[in-house]
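S.K.: dropping a prediction and its sequence here:
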Amino acid sequence: MRANNGESGGAVKEEVPLAIDVHNLTKRFGKNTVVNRINLVVPQGKVYGFLGPNGSGKTTTIRMICGLLTPDEGEGTCLGYDLRKESENIRKNVGYMTQRFSFWEDLTIRENLNFAGKIFGIKESRKRIQYALQKLGLERRADQLAGSLSGGWKQRLALAACTLHEPKLLLLDEPTAGVDPKARREFWDEIHQLASQRITVLVSTHYMDEAERCHAIVYIANGNILSQGTVDDVISQSGLSTWVVGGKDLVSLKEELIKNPAVMTAAVFGESLHVSGVVAEELEAAIEPYKDRKDLSWSREETSLEDAFIYYNTLIKDYKKG
Amino acid sequence: MWKGRFSFGRTGAIMQKEFTQLRRERSTFAMIVLLPIIQLLLFGYAVDMNPKYLPTYILSRDQSVFSRSFVAGLKNSLYFDIRGDVHSDEEGEELLRKGQAQFIVTIPEYFERDLVGGKRPSVLVQVDGTDPVASSGPAAAMNGILESVLRHDLKGPLENLSTVKPAVELIQHRMYNPEGLTRFNIVPGLLGIVLTMTGVMMVALALTRERERGTMENLLAMPARPLEVMIGKIVPYILIGYIQSTIVVTAAWFLFSVPVLGSLWLLGGVLGIFITCNMAMGYALATISRTQMQAMQGTVLIALPSLMLSGFIFPFSGMPVWAQTIGRIIPMTYFNRIVRGVMLKGNGIEEIWPETWPLLIFLLVATIIAIKCYRKTID
């Protein structure tokens, strides 16, 4: 299931330099293994989506890659620098945006940018800060406290601040959590803009539409990578086939169907119910008794990314129980 | 509130929740338990307002029976620890200035002859007055000791010598603080307390605040070295420490006429060392506390022994050995002595050096610990 045969595998053959190349990365906190022998290969200039439920090890992995945490096991390089020995070089060339707004709320926007500029030792930082402010459209509010900005603006400020030193790799930890759709879209336009300048992006998210905007996605649960590749790869790797049912009283239908072991996931989406199973024949046998009901309309459809993710989630739960 | 009935169930649930939270908040729990215990111990055992075994040197110009029995009487009173003899006034004064002697007792020439001849010879007692609490009790006791020694020794025909007037006149000479003003002692000590309390707390808060607000992660991910972060965080507070010191010293001068007899530059240098010591302590404290609240509590735990065991409130020599041992690892103890020396005695670098090098060692150790701990928090 740990598939490197997707896009990344092909990229290696073409000798595209790798922004991230880590193997067997492991981190334990006490007895808990938070990240378990992860292999992650991200070629330069790509946008990789990092998905998985809360507490699955996304943040810990990102922190290990940017040198904030030392891995307990495993080795690798980030931008060609050794993860263990050259963390200072990594820090200088990586932009890391934390999950929670981590710039100083009691500093003004300009002061925050100035601080980042100074810490990263940016030449002509004044010019670049001015440019960043212009691009942000925050010129007039530059002397406002960062704490007074709304969530969306804070995210944009954080992105501006962590790209100020022109990093080659951006690590974004749930950058759009709690941000409205318009701001999210603009944020992603910005990310693709950066990717077009050969900047590599690894971004963790819970949003399916964001995952679909990535060149490739990596799905992690309980510290294990369950699947990676393009969106289509990840869906096909799940091996799910999906039926969509329209009709009335879908909730009780869902309750009935889910009891059947052939049905891996069932979820109501507004007026329709998505039913997925790994073995197509068994799934069809399972829904056979309901197919003739006149109040229901059945159609076979493509498995969505979300169906696949929910399936991966149930897998890991079963694995835990077993 | 008046409408609904009081619910024991709800109240009990809240209480239980509070207890659960308290149990998990270890430092609060430790504070609640440890603070009263520490205070009890300090006040109950460590603090003796009637100190004994104060370092005393004898300058005896008259080797006679009377002078020997007077010295023996001093020793027997337990107030005085007779450390030895000095052979000149200068030697005695130097010991006083360095704080190695609390008392210098000078027995004049022809003491016995004058005593027997009824000429009422005088014994000079020079007292280090910078710490009035430490010296006043034993100084007062000295008269009594002399009297009883004489009563014992003046027998037979000499008996009437001590009846009318005291046969020996005891002249006490309070050095450095002639009026025995407690505030002379308090002001330099206060300087230490203010610097310790605020210095440790401010630095600790500044660092834990970063962690609480999540900005620490950002700072750590940036290419700044631990030592850079440390120095960058500390220097502004060192400046604040100097401002505080200026305020205290100036106010002491204007309000209480507490002099600065020694060099201001020397005082400034010592202040720098002491302030930095506190910063390093605050920094180390911050690395082990997760919240600002814990940092505050930790500050109290550091400040309390500094207050009690440094010789600020209670005389150092009045403390039992174990308390003195703890006192010796507190920077405030040394700072207190140095500042008393420089401000009130006009000490120079040579005299304060014995108290200065422990401060420097403390500074070094605290800095190493702080950096080591800080490195650990990254993981």
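M.R.: The structure has been received and is ready for your questions. In this text, all values refer to a predicted model and were calculated from it rather than measured experimentally.
S.K.: per the annotation, how does the chain divide into domains?
M.R.: No chain specified, so I'll use chain A. Under the assignment automatic domain parsing, the domains of chain A span A:7-229, A:237-321.
S.K.: oops, wrong one, chain B.
M.R.: According to automatic domain parsing, chain B comprises the domains B:54-175, B:182-378.
S.K.: check those for me and report the most buried one.
M.R.: domain B:182-378 (a mean of 19; mean count of other C-beta atoms under 10 Å in any protein chain shown). All C-beta atoms are positioned from the backbone trio N, CA, C, and that covers glycine.
S.K.: how about that one, does it get close to chain A?
M.R.: Yes: counting by C-beta under 8 Å from any C-beta of the partner chain, chain A is contacted by domain B:182-378 at B:Arg213, B:Gly214, B:Thr215, B:Met216, B:Glu217, B:Asn218, B:Leu220, B:Ala221, B:Met222, B:Pro223, B:Ala224, B:Ile378.
S.K.: I'd like these as CSV, with distance to A:Arg198 appended.
M.R.: Listed next are those as CSV, based on distance: C-beta to C-beta, whole Å:
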residue, distance to A:Arg198
B:Arg213, 34
B:Gly214, 30
B:Thr215, 30
B:Met216, 31
B:Glu217, 27
B:Asn218, 25
B:Leu220, 27
B:Ala221, 22
B:Met222, 23
B:Pro223, 21
B:Ala224, 27
B:Ile378, 30
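S.K.: determine which two of those residues are furthest apart.
M.R.: The most widely separated members of these, counting by C-beta to C-beta, are B:Arg213 and B:Pro223 (20.8 Å).
S.K.: how about the contacts made by residue 83?
M.R.: You didn't say which chain, so I picked chain A. By C-beta atoms under 8 Å, 6 or more residues apart in numbering or on different chains, the contact set of A:Leu83 is A:Val22, A:Met64, A:Ile65, A:Gly67, A:Pro71, A:Glu75, A:Gly76, A:Thr77, A:Ile90.
S.K.: chain B, not that one
M.R.: B:Pro55, B:Thr56, B:Tyr57, B:Gln100, B:Ala101.
S.K.: next one: B:Lys233 relative to A:Ala161, how far apart?
M.R.: In this view, B:Lys233 and A:Ala161 are 20 Å apart by C-beta to C-beta, to the nearest Å.
S.K.: then A:Tyr312?
M.R.: Counting by C-beta to C-beta, the gap from A:Tyr312 to A:Ala161 is 34 Å.
S.K.: who in the stretch 101-250 of chain A is up against chain B?
M.R.: Counting by C-beta under 8 Å from any C-beta, the stretch 101-250 of chain A comes close to chain B at A:Phe101, A:Ser102, A:Phe103, A:Trp104, A:Glu105, A:Ala116, A:Ile119, A:Phe120.
S.K.: where's the closest residue to B:Asp153 other than its chain neighbours relative to B:Val123, distance?
M.R.: Excluding the flanking residues, the one nearest B:Asp153 by C-beta to C-beta, 6 or more residues apart in numbering or on different chains is B:Ser69, at 5.6 Å. Remark: distance between B:Ser69 and B:Val123 (C-beta to C-beta) = 13 Å.
S.K.: which residues does residue 107 contact?
M.R.: Let's take chain A. With contacts defined as C-beta under 8 Å, 6+ apart, A:Leu107 is in contact with A:Phe115, A:Leu145, A:Ala146.
S.K.: wait, chain B
M.R.: Residues near B:Ile107 by C-beta under 8 Å, 6+ apart: B:Ile58, B:Leu59, B:Ser60, B:Arg61, B:Asp62, B:Ser67, B:Phe70, B:Val123.
S.K.: specify the beta-bridge partners of it.
M.R.: Beta-bridge partners for B:Ile107, by DSSP bridges, are B:Ser60.
S.K.: about what we covered before: put together CSV for the residues of domain B:182-378 next to chain A, with distance to A:Ser56, secondary structure and pLDDT on each row.
M.R.: Output for the residues of domain B:182-378 next to chain A, formatted as CSV (distance: C-beta to C-beta, whole Å; DSSP: H, G, I helix; E, B strand; the rest coil; pLDDT from 0 to 100):
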residue, distance to A:Ser56, secondary structure, pLDDT
B:Arg213, 25, helix, 82
B:Gly214, 20, coil, 84
B:Thr215, 25, helix, 83
B:Met216, 23, helix, 83
B:Glu217, 19, helix, 85
B:Asn218, 23, helix, 85
B:Leu220, 22, helix, 82
B:Ala221, 21, helix, 83
B:Met222, 26, coil, 81
B:Pro223, 28, coil, 77
B:Ala224, 30, coil, 74
B:Ile378, 22, helix, 56
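S.K.: perfect, that will be all.
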